[in-house]
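Have a look at this prediction, sequence included:
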Amino acid sequence: MSESSLPPVSQTQPIKGSYTMHPFARFIQILGKGRNGMRALTLEEAYEAMQMIACYDVEPEQIGAFLMLMRVKEESAEEVAGFTRALRESLPTQGKEMAPAIDWAAYAGKRRQLPWFLLAALILVKQGYPVCMHGMNRSDARVYVPEALDALGMEAANSLQEAMEGLNETGFCYLPISKLSSLTAQLIATRELLGLRPPLQTVARMLNPFNAALSLIGVFHPNYAAIHTAAAQIEGRRIVVCKGEGGEFERIPDRPLQLSGCDQGELWGESWQPLMQAGTASREQRLNLRHYREVWEGDSGDAYGEAAAVGTLAMAIRALELERAEDAAHRLASQWWRDRHQADSAREAIL
């Protein structure tokens, strides 16, 4: 967060001999009263704290202290739900009635494998399930969604309006968090300043800006899956979470899969078997986006990539409850992968 983007330091001078505590300080006290005195924020306290931050009614030093104390403690489901509720209220109201089928969080980036999950999302769109994807970029060696879209001849949205137009015209949009909520982007960016992961990494994944019926979220650390699903239960939202490749919602084909979800206030979990034998997957050191496009267009093969895309598609099929059984979900996903360009060919023939 740049110095100019932070709330201004108060110019109010205390009366000599008196002490008036800043209203936000009580939340820092709750989190920082030592090992025996500290506790997590309640849902209401988390909501109020993030509402104050969203209204810029805090000092820069308080934001830093608050985020670091949250990182040391680790955010609870109630805190995530409260933070998410406050940040969602700060988002533009424009587009919230669109309600695409799927909200897809993509914040981690890929450093070992290409973003095969994006191909699964595009196939879902072809099958009539609109997808709003949102995420972020960092200046590192990872491949993020905008680069993958560019390789496929597509573009990320540069504004909320462009995202809405993309959903209306194609059924897909990718909206950078900086274009959705500059505050959230600034809070996430404190990672570069403070060196630690802020809780906004968890909260941003839960924002669901267009009120999609279903949210798909990937995590790197398995304990965050339980936090996401419990927060969704508090908020009454439908969500499916997996420990995915690189922290994205993407199947790791040569490992068992644990799916976690919340649907109609009920938590559920499933274990799926690996799609390929462990150790047989090739891990390309170079993230070749030309190869990525060739696989999508059917001009090249990639056993790992295709299994990852199909496996991710199967998870989405299960999340949508088009098929509930693991085998049936994979059969349908495999069919959709094979047929992914048939509609395009038919359209071209008509034109």
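Here it is on my side, so go on. Residues are numbered from 1 along each chain as shown.

what about Phe83, neighbour count?
30 (other Cβ atoms under 10 Å). Heads up, the C-betas are built off the backbone N, CA and C, glycines and all.

element containing it?
helix 77-90 (DSSP states H and E).

ok, now how distant is Arg35 from Val240?
36 Å (Cβ to Cβ, to the nearest Å).

Quick one: mean pLDDT over the helix holding Phe83.
Averaged over helix 77-90, pLDDT sits at 97.

Over to stretch 113-125?
Averaged across stretch 113-125, pLDDT comes to 97.

beta partners for the nearest residue to Ala319 once chain neighbours are set aside?
Taking Cβ to Cβ, 6 or more residues apart in numbering, and ignoring the residues beside it in sequence, Ala319 has Val240 as its nearest neighbour in space, at 3.9 Å. Here Val240 sits in beta bridges with Leu216, Gly261, going by DSSP bridges.

Surely Val240 and Ala213 touch.
No. Val240 is not in contact with Ala213 according to Cβ atoms under 8 Å; the separation is 11.7 Å.

These two: who's more crowded?
More crowded of Val240 and Ala213, by other Cβ under 10 Å: Val240, with 27 against 14.

State the next helix or strand along the chain beyond the longest helix seen in the chain.
Assignment by DSSP state H gives helix 303-319 as the longest helix of the chain. Per DSSP H and E, helix 303-319 leads on to helix 326-338 as the next helix or strand towards the C-terminus.

Show me what counts as buried in that next one.
Glu326, Ala329, His330, Leu332, Ala333, Ser334, Trp336, Trp337 (16 or more other Cβ atoms under 10 Å).

The fifth one reaches Val310, doesn't it?
Read that as Ala333. Yes. Assessed by Cβ under 8 Å, Ala333 is found in contact with Val310 at 4.8 Å.

Quick check: neighbours shared by these two?
Shared contacts of Ala333 and Val310 (Cβ atoms under 8 Å, 6 or more residues apart in numbering): Ala120.

for the stretch 201-350 of the chain, which spans come out with low pLDDT?
Low-confidence segments of the stretch 201-350 of the chain, defined by pLDDT under 70: 280-286, 343-350.

Run through the strands of the stretch 51-200 of the chain in chain order.
Using DSSP state E, counting those that start in this stretch, the strands of the stretch 51-200 of the chain run over 102-106, 131-135, 172-176.

Of all these, which one is nearest Arg255?
Taking Cβ to Cβ, strand 102-106 is the member of these nearest to Arg255, at 20.2 Å.

who does the closest one pair up with?
strand 131-135 (parallel), strand 214-219 (parallel).

From the rest of the structure, what touches that strand?
For strand 102-106, using Cβ under 8 Å, 6+ apart, the contacting residues are 115, 117-118, 121, 124, 129-135, 144-145, 174, 204-206, 208-210, 212-218, 248-249, 316, 320.

how distant is it from the center of its chain?
Strand 102-106 sits 6 Å away from the centroid of its parent chain (Cα atoms, centre = their mean, to the nearest Å).

Return the alpha-carbon coordinates of it using CSV.
Extracted C-alpha coordinates of strand 102-106, given in CSV (Å, rounded to 0.1, in the frame of the first residue of the first chain):
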residue,chain,number,x,y,z
ILE,A,102,-19.8,-19.6,-11.0
ASP,A,103,-17.6,-17.2,-9.1
TRP,A,104,-13.9,-18.4,-9.4
ALA,A,105,-11.1,-17.0,-7.3
ALA,A,106,-7.7,-17.1,-8.9
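
Taking strand 172-176 as reference, get the angle to it.
40 degrees (axes from the mean of the first three to the mean of the last three Cα atoms, to 10 degrees).

Spell out which residues make up each domain of this structure.
Domain assignment of the chain by automatic domain parsing yields the ranges 3-10+18-90, 102-347.

Any chance of JSON lines for the ones you listed, columns distance to Lys96?
Listed next are the domains of the chain as JSON lines, based on distance: least, Cβ to Cβ, whole Å:
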{"stretch": "domain 3-10+18-90", "distance to Lys96": "9"}
{"stretch": "domain 102-347", "distance to Lys96": "5"}
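
Of these, flag the one that's most buried.
Compared across the domains of the chain, domain 102-347 shows the largest average neighbour count, a mean of 19 (mean count of other Cβ atoms under 10 Å).
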